[in-house]
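Visitor: Below: sequence and its predicted model.
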Amino acid sequence: MSEVEGSVQGHRDGHGFVQRDDGEGDIYLSPQEMHAVLHRDRVRVRVVRYDRKGRPEGRVLEILGRAKAPIIGRLLHESGIWLVAPEDKRYGQDIMVPKNGIANAAAGQVVAVELIEPPSMHSQPLGRVTEVLGEIDDPGMEIEIAVRKYEVPHRFSAETLAQTAKLPDKVRPVDKKHRVDLTDVALVTIDGEDARDFDDAVYCEPIAIGRGRKGADGWRLLVAIADVSHYVKPGEPLDDDAYERATSVYFPRRVLPMLPEKLSNGLCSLNPNEDRLCMVCDMVIDAEGEVQAYQFYPAVMHSQARFTYTEVAAILANTKGAEARARKQLVPQLVHLHEAYRALLKARQRRGAIDFETTETQIVCDDNGRIEKIVPRTRNDAHKLIEEAMLAANVCSADFIEAHKHPSLYRVHEGPTPEKLATLQAYLKALGLGLSIGDDPKPGEFQAIARATVDRPDAQQIHTMLLRSMQQAIYTPINSGHFGLAYPAYTHFTSPIRRYPDLLVHRVIKALLEQRKYALQVAALASSAVHTRKLKPTQAAKAQAKAAQVAKASATMQAWEAAGAHCSANERRADEASRDVEAWLKCKFMREHLGEIYSGTVSAATSFGLFVTLDELYVEGLVHISELGGEYYRFDEVRQELRGERTGLRYAAGSRLRVQVSRVDLDGRKIDFRLVHDAPGSAPRSARAADKARTALDELAAVKAEDRDERQATKKAGGVAGKAAKSGEARAARKKPGDASTRAPRKARR
C-alpha cells in the first residue's frame, strides 16, 4: 500500500482526513487513528484499505510536525481536574491542564492553551494556559476567538508602528513631484454608509470619439485609486506586516485592517477636501461600452465629495429632488457616470458575463455587540456603476501588464472541472429545462440559464448549482482568464488599502511607467513564509501543473507563485473567520427565539436533511431528515431533492415550509429546526403560540399514555371481567359510536 504525506483535518464527529500534499483525494482516518494526532498536524500515512466506493482509509505511520498555534477553548473544572474544551471541534480531544498551568484563569473563561505534551493512543494532550481572553459573553469575544482560531494577525509589530508614527499627517509638496495635478477635477468617492476607508474615486464626462465628430458619442472615465505604494515600500516593516496579513478582515462592527489606521483611514484614504496621492486609470469608452484607449499615471487629487450609494441612487432616480439640489454642481457628472455604466453594462451582456442576483444580508448590532436585526443588503444602480467602473480599470491594468510581458498576479477564475461539469449537466437534464451546458462551457451559457429560470420557484437551487460547478478564484502569475466575468485577462488594481495583490499590481505598473522591471523580493517572502497557509490540495496541484507549463521557471516566477498562493490562502482564511463570527452571532441571536415558529424556504437539500432560510430573520438552520415524518426519504443526488418512498412527497430548494426553532448549538455554530405539520398560515409565530402548540402535544401524549395504561390494566385483570375485556363482545363494545375509548386505526392516525 502507498505511503503519502499531508495535513490532518479533524472532524467534529471524531474521525478525520489527511489532505495530501500531492493534491490527490483525501485519506480517511478512523476515530482510533485520530487519538494520537490533532487537527492540522503534519503526518505520513499508509493507505491500508478502500471502502465500497473506492475511498482510501489510512494508518498514521509518523507525525512529521505538530501545529504550533495556541488552541482556543473554555477552561473547565470537572471532578477536580482542569481541562480545556477546544472551541474548534475539529480538535476532537479535550486538553488536560495541570493546576499550576491555569494562569489564574477561572472556570468557564475562554483561554488560549499551548501543548506541553502531545496526545498518544493512550493519553490525552497536556497543555498550559498562555492567555486569558475573558468570559464567553463579553462583547466582541466571538471576534477574539476567531482571530486566534484562524491565526489572523491582529497586532502590528513594534517596528511597523514606529515606522507609521514617522509618516506625515498630510501630503507634502515633495510628494507631489512628477505627478499629474488633478486637484481641479471633480473626482468623488461613492461608498457605503459605514465605510471608513475610501480607496477609489471616479469622474466621468462626455467626449467625441474620432476626428470630425461634433456630438459626444463616448465618455472619458477616470478611476483614481489611493497610491499606497508611495508609502509602503518593499522590505520595510510596513510591507512585511501587510504581506503577512494579505487582506483586511471584516467583522460586524470591527475591521482588522491590512495597514495601520494612519494609512488606511488617513494618508491613503481619499477623504473629501483633502489632497491625496493616487494612481489613475484614464479610459475612453465608446457608446457600445468598449474601452477604446486607456493610460495609467500617478497623480494628486482632491476629492470634491463623499457620496453614499443610497444618496447617489436617490439623485439618479430624481435629478430635481432634495438630494440632487444639495449636490447641484456634481449632479451632471453623476448622470454622465450612469450613462457610461449603461454602456458598460451592454458590453457585459454581450460578453455573456455571469451575473446572478443573490440576497446578501447585513448584521446590525447594538453597542454591546448583540444582533439587533439582520436585514437584506440591496444593490442599486449606484453599487453597479461603481462595480463596472472598477472592473474596467482592472481589465485595463491586466492588459497593460500583459502587453509588457511583465510578471504579476492575475485574478484567475476557471470554469467547471470535468467532474463538476458532468454533475451539472445531469442535474439540468433531470430538470427538463431544454437548456444545458456544453462540454466546452462558456460563461454565456450559464447566464442564459440563469436568465431563463429567474422566475421559477427553484431558481435559487438552479443558480446555486451553477455557482457550485465553478472553481474558486485565485491569485496566480499564470493568466488563465476570468471565466465568471468573461475576461481573457483580469487583475486587481482597485483596492490596495485592503488587498496586497493590488499593491503589487501598483508597483508593477509604476515600474513599467518608469521603463524598469519590478523585482519581487524573495527574501521578504521567505521571512513571512511561516504565516503562509496552503491552498486546498486541488488548487495546489493545479498551480503546480500550471507552473510546469513555464519551462525552467526562474526564481522570479517561483516567487510570484508563492506570493499568489499566500494571498489566495489568506483570503480564504479571512472569509472563514468572518463567516465563523457571523455564524456565532446568529446562533446567539436565535437562542432568544427558541420555540418560535416561522415560515421559510428550503435553500438546499442533502442526504441528512433540509437547510431552511427563515423569511423574516434571514437565518439558516437544519431540519434533520428524522423530523420529516414517519417514512423513508431518499436523496436524489441528480435532482438535489429528498423524496418520500411511500408518499412521493418531495423537498427541494425553493420548497416552502413552516418550522419551529428547536435547538441552538453555540459551540458547533448550528441551528436546528423542527418541521411544523399544519395548514399554511395557521401557525402563529409568537412564543405564546409555540407554548400552546407544545401544550397540545403534551395533552396528546397524556391521552396516549392513559390509553396504554388502560390496555395494560385490562390485560392483567383476572376473572370474568378480564375474559370479557378480551372477548370479541368487549372489542365490539369498544367500537360503538360515541364511546370515549374509540380510537382511529393506527395507520389512519399516522
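Guide: Nice, I can see it.

Visitor: Going by neighbour count, which residues in the helix or strand encompassing Val111 are buried?
Guide: Using DSSP states H and E, Val111 sits within strand 110-117. Neighbour counts over strand 110-117 (16 or more other CB atoms under 10 Å) mark 110-113, 115 as buried. C-beta here means a position set from N, CA and C on the backbone, and glycine is covered the same way.

Visitor: pull the CA atoms of the very next helix or strand once past that strand into CSV?
Guide: Using DSSP H and E, the helix or strand that follows strand 110-117 towards the C-terminus is strand 126-134. What follows is strand 126-134, C-alpha atoms only, in CSV (Å, rounded to 0.1, in the frame of the first residue of the first chain):
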residue,chain,number,x,y,z
LEU,A,126,-1.4,18.1,28.1
GLY,A,127,-1.2,21.9,27.9
ARG,A,128,-0.8,25.2,29.8
VAL,A,129,-2.8,28.4,29.6
THR,A,130,-0.9,31.2,27.9
GLU,A,131,-3.6,33.9,27.6
VAL,A,132,-6.9,34.6,29.3
LEU,A,133,-9.4,36.1,26.8
GLY,A,134,-12.3,36.6,29.2
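
Visitor: what angle separates the helix or strand just after strand 126-134 from strand 110-117?
Guide: With elements assigned by DSSP H and E, the helix or strand that comes after strand 126-134 is helix 141-149. When axes from the mean of the first three to the mean of the last three CA atoms, to 10 degrees is applied, the directions of helix 141-149 and strand 110-117 differ by 20 degrees.

Visitor: Any idea how far helix 141-149 is from the middle of the chain?
Guide: Centroid separation between helix 141-149 and its chain, computed with CA atoms, centre = their mean, to the nearest Å, is 17 Å.

Visitor: next one: the helix or strand following it to chain centre, how far?
Guide: Helices and strands here follow DSSP H and E; after helix 141-149, the next one along the chain is helix 158-165. Its chain's C-alpha centre lies 32 Å from the corresponding centre of helix 158-165 when counted by CA atoms, centre = their mean.

Visitor: if we can go back for a sec, point out the other helices and strands that the strand holding Val111 packs with.
Guide: If contacts are counted by 3 or more CB pairs under 8 Å, 6 or more residues apart in numbering; DSSP states H and E, strand 110-117 sits against strand 71-78, strand 95-97, strand 126-134, helix 141-149.

Visitor: Can you list the low-confidence ranges for this structure?
Guide: 1, 211-215, 522-553, 678-750 (pLDDT under 70).

Visitor: Name the residue closest to the centre of it, please.
Guide: Asp575 (4.8 Å; CA atoms, centre = their mean).

Visitor: just to revisit the earlier point, with distance to Asp26 and mean neighbour count as extra columns, can I get the helices and strands packed on strand 110-117 in JSON lines?
Guide: Shown next, in JSON lines, are the helices and strands packed on strand 110-117 (distance: least, CB to CB, whole Å; neighbours: other CB atoms under 10 Å):
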{"stretch": "strand 71-78", "distance to Asp26": "23", "mean neighbour count": "19"}
{"stretch": "strand 95-97", "distance to Asp26": "25", "mean neighbour count": "23"}
{"stretch": "strand 126-134", "distance to Asp26": "28", "mean neighbour count": "17"}
{"stretch": "helix 141-149", "distance to Asp26": "22", "mean neighbour count": "21"}
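
Visitor: Take these and write them to a markdown table, including distance to Ala426.
Guide: Converted to a markdown table, those look like this (distance: least, CB to CB, whole Å):
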| stretch | distance to Ala426 |
| --- | --- |
| strand 71-78 | 42 |
| strand 95-97 | 46 |
| strand 126-134 | 48 |
| helix 141-149 | 38 |
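
Visitor: and Tyr297, how many neighbours?
Guide: Here the number of neighbours of Tyr297 (other CB atoms under 10 Å) works out to 16.

Visitor: need the contact list for it.
Guide: Applying CB atoms under 8 Å, 6 or more residues apart in numbering to Tyr297 gives the contacts 179-180, 279-280, 282, 513.

Visitor: so where do the helices sit in the stretch 201-350 of the chain?
Guide: Along the stretch 201-350 of the chain, counting by DSSP state H, counting those that start in this stretch, helices occupy 237-245, 261, 309-317, 322-326, 331-351.

Visitor: quick one: buried residues of the third one?
Guide: Spelled out, that is helix 309-317. By neighbour count on 16+ other CB under 10 Å, the buried set for helix 309-317 is 309, 311-316.

Visitor: Out of those, which is nearest to Ala452?
Guide: Of all these, Ala313 has the smallest distance to Ala452: 28.2 Å, by CB to CB.

Visitor: The closest one: what's it in contact with?
Guide: Ala313 touches 380-382, counting by CB under 8 Å, 6+ apart.
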